[in-house]
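**Q** here is a sequence with its predicted model. Questions after.
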Amino acid sequence: MSKLKNDTFLRALRREPTDYTPVWLMRQAGRYLPEYRATRERAGSFLALAKTPELACEVTLQPLERYPLDAAILFSDILTVPDAMGLGLGFVQGEGPRFERTVRDEAAVKALPVPDPEDSLRYVMDAVRTIRGALGGRVPLIGFAGSPFTIACYMVEGQGTRDFLHVKTMLYRRPDLMLELLDRIARATAAYLSAQIAAGAQAVMLFDTWGGVLADGDFQRFSLASMRKVLEALPREAERADGRESIPQIVFTKGGGLWLEEIAACGADAVGLDWTVNLGQARARIGDRVALQGNLDPMVLMADEAQVRAQALRVLERFGPAAPGVGHVFNLGHGISQFTPPENVAVLVDTVHEYSRRQRSGN
Ligand code: CP3
């Protein structure tokens, strides 16, 4: 493994000075890219693609061939963990993920194993190792997992949901059982992310996609506490061929804007923000404690070039000028839409790089 040629992303996460604002995009490898659709076609399905390390590596690198992004993210899915816990993941065309089994009672919770990641999730670790080799130190590789509460939503519901009926029923009727479920998922997730780090992941991110649907108080007890448990169990450094490196941690709670101070205190180095948050206000509230990641509305990318440019500048201006001890990683406030015109991503990445360089040099 060679030394990093571009460590701007890791420096921003550590709140060290950077020459410009680094940028990567949630779901940057995905259906909006024709080359992704071609590789998925060859693989036969999304799951076959994710479970074949060479193909997962190929699609991880695709957005980096097109755009000067500052980080790569492992191509995989948050639902690999409940799949390895025995639930049987499938994807129904046009309807999203679906599990063969759900976890709704005590017997089902107690039967859940904590999988050995180098066994049933070995394909993910092999993908991490393959991608690190193929990157050759171009940019850092992000590993990730879902937050325990977000994973619990899919395990209890068995699929996506709008009203969270079954998971909230368990949470309010049997809070003890929900905590037991979250604890098992947290242990599985800690082992999974630790293995990704050992395999070569250089930063890790928890996707708390559904924490924001919880009531105040319940978010802290059921989602935030279980994320803290995961992060506390992870190694903060990894031994590599060329020395030790620190492994920054990012948490992203969609809809978490009301709880920024509490999220910033969960032990992570950086907090991801959705587009409902004003970045300047977030910086004033927590920007001296953690780096911030975000937060352009992904649908801005559906507009024309001039609008993409203007909205990107608005995000950078709201964050404000670089200063010692603050860090900003530009990103979208959620995953990129499959309908995004790929040219607009080029405009966005160039705008962020050029404008933030000028912001640094004061003209
Ligand atoms: O960011 C990246 O490029 C890394 C890859 C990544 C995927 N999923 C690939 C994927 C990441 C980080 C995820 C996370 C994920 N997966 C989340 C949390 C992030 C978020 O968006 O809030 C969630 C909730 C999932 C679960 C999931 N996976 C759903 C609901 C779906 C179906 C979505 C749909 O539109 O059909 C997936 C499938 C999936 N995961 C795709 C990709 C590129 C699309 C599958 C395809 O190619 O058809």
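**A** Ah, there it is.
**Q** for whatever residue of the stretch 201-350 of the chain ends up closest to the ligand, grab the count of nearby residues.
**A** Here the residue of the stretch 201-350 of the chain nearest the ligand is Thr209; by Cβ to the nearest ligand atom that distance is 3.4 Å. Heads up, the C-betas are built off the backbone N, CA and C, glycines and all. Neighbour count of Thr209, defined by other Cβ atoms under 10 Å: 21.
**Q** residues in contact with it?
**A** Ile78, Gly146, Ser147, Thr150, Lys254 (Cβ atoms under 8 Å, 6 or more residues apart in numbering).
**Q** beyond the host helix or strand of Ile197, next helix or strand please.
**A** For Ile197, the host element (DSSP states H and E) is helix 175-199. Sequence order places strand 203-208 as the next helix or strand after helix 175-199, per DSSP H and E.
**Q** that next one pairs with which strands, and in what direction?
**A** strand 141-146 (parallel), strand 249-253 (parallel) (DSSP bridges).
**Q** that one: which residues count as buried?
**A** Neighbour counts over strand 203-208 (16 or more other Cβ atoms under 10 Å) mark Ala203, Val204, Met205, Leu206, Phe207, Asp208 as buried.
**Q** next, the angle helix 175-199 makes with the particular helix or strand that has Tyr172 in it.
**A** Here Tyr172 sits within helix 165-173, counting by DSSP H and E. Relative orientation of helix 165-173 and helix 175-199, computed by axes from the mean of the first three to the mean of the last three Cα atoms, to 10 degrees: 120 degrees.
**Q** about what we covered before: now the strands paired with strand 203-208 as a markdown table including mean neighbour count and mean pLDDT?
**A** Shown next, in a markdown table, are these (neighbours: other Cβ atoms under 10 Å; pLDDT from 0 to 100):
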| stretch | mean neighbour count | mean pLDDT |
| --- | --- | --- |
| strand 141-146 | 23 | 98 |
| strand 249-253 | 27 | 98 |
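**Q** could these go into JSON lines alongside distance to Ala268?
**A** Output for those, formatted as JSON lines (distance: least, Cβ to Cβ, whole Å):
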{"stretch": "strand 141-146", "distance to Ala268": "13"}
{"stretch": "strand 249-253", "distance to Ala268": "4"}
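**Q** looking at those strands, which is nearest to Ala291?
**A** Of all the strands paired with strand 203-208, it is strand 249-253 that lies closest to Ala291, at 8.2 Å by Cβ to Cβ.
**Q** ok, and what's touching that closest one?
**A** 13, 142, 147, 203-208, 211-212, 219, 223-224, 227, 231, 234, 259, 263, 266-273, 293.
**Q** how many neighbouring residues does Pro298 have?
**A** Using other Cβ under 10 Å, Pro298 has 19 neighbouring residues.
**Q** find the nearest non-adjacent residue to it, please.
**A** Nearest residue to Pro298, sequence neighbours excluded (Cβ to Cβ, 6 or more residues apart in numbering): Leu332, at 4.4 Å.
**Q** out of the contacts of Thr209, which touch the ligand?
**A** Contacts with the ligand within the contacts of Thr209, counted by Cβ under 6 Å from any ligand atom: Ile78, Gly146.
**Q** among the contacts of Thr209, name the ones in helices.
**A** Among the contacts of Thr209, the ones falling in helices (DSSP state H) are Thr150.
**Q** and the contacts of Thr209, which of them are buried?
**A** Among the contacts of Thr209, those buried by neighbour count (16+ other Cβ under 10 Å) are Ile78, Gly146, Ser147, Thr150, Lys254.
**Q** contact distance from the ligand - what residues of this protein qualify?
**A** The chain comes close to the ligand at residues 26-31, 40, 46, 73, 75, 77-79, 96-97, 144, 146, 160, 207, 209, 335, as judged by Cβ under 6 Å from any ligand atom.
**Q** one step back: over to the residue nearest to Pro298: give its phi and psi.
**A** The phi/psi pair for Leu332 (degrees, to the nearest 10) reads phi -80, psi 160.
**Q** count of neighbours near it?
**A** Leu332 has 28 neighbours, counted by other Cβ under 10 Å.
**Q** ok, it touching Leu296?
**A** Yes. Using Cβ atoms under 8 Å, Leu332 is in contact with Leu296, at 5.2 Å.
**Q** so Leu177 versus Tyr154, what's the distance?
**A** Leu177 sits 17 Å away from Tyr154 when distances are taken as Cβ to Cβ, to the nearest Å.
**Q** which of these two has more neighbours?
**A** Taking neighbours as other Cβ under 10 Å, Leu177 and Tyr154 compare with Tyr154 leading, 27 against 18.
**Q** residue contacts, that one?
**A** So Tyr154 contacts Leu79, Pro82, Pro97, Phe99, Gly146, Gly160 (Cβ under 8 Å, 6+ apart).
**Q** Pro82 now?
**A** Leu89, Phe99, Ile151, Tyr154, Met155, Ile185 are the contacts of Pro82 under Cβ under 8 Å, 6+ apart.
**Q** rerun at 7 Å
**A** Leu89, Phe99, Ile151, Tyr154, Met155 (Cβ atoms under 7 Å, 6 or more residues apart in numbering).
**Q** nearest spatial neighbour of the last one, chain-adjacent residues omitted?
**A** Once flanking residues are discounted, Met155 sits nearest to Val103: 4.6 Å by Cβ to Cβ, 6+ apart.
**Q** my guess is that neighbour meets Gly158, correct?
**A** No. Contact criterion Cβ atoms under 7 Å: Val103 and Gly158 do not qualify, at 8.6 Å.
**Q** low-scoring stretches of the chain, by residue?
**A** In the predicted model of the chain, residues 1-2, 363 satisfy pLDDT under 70.
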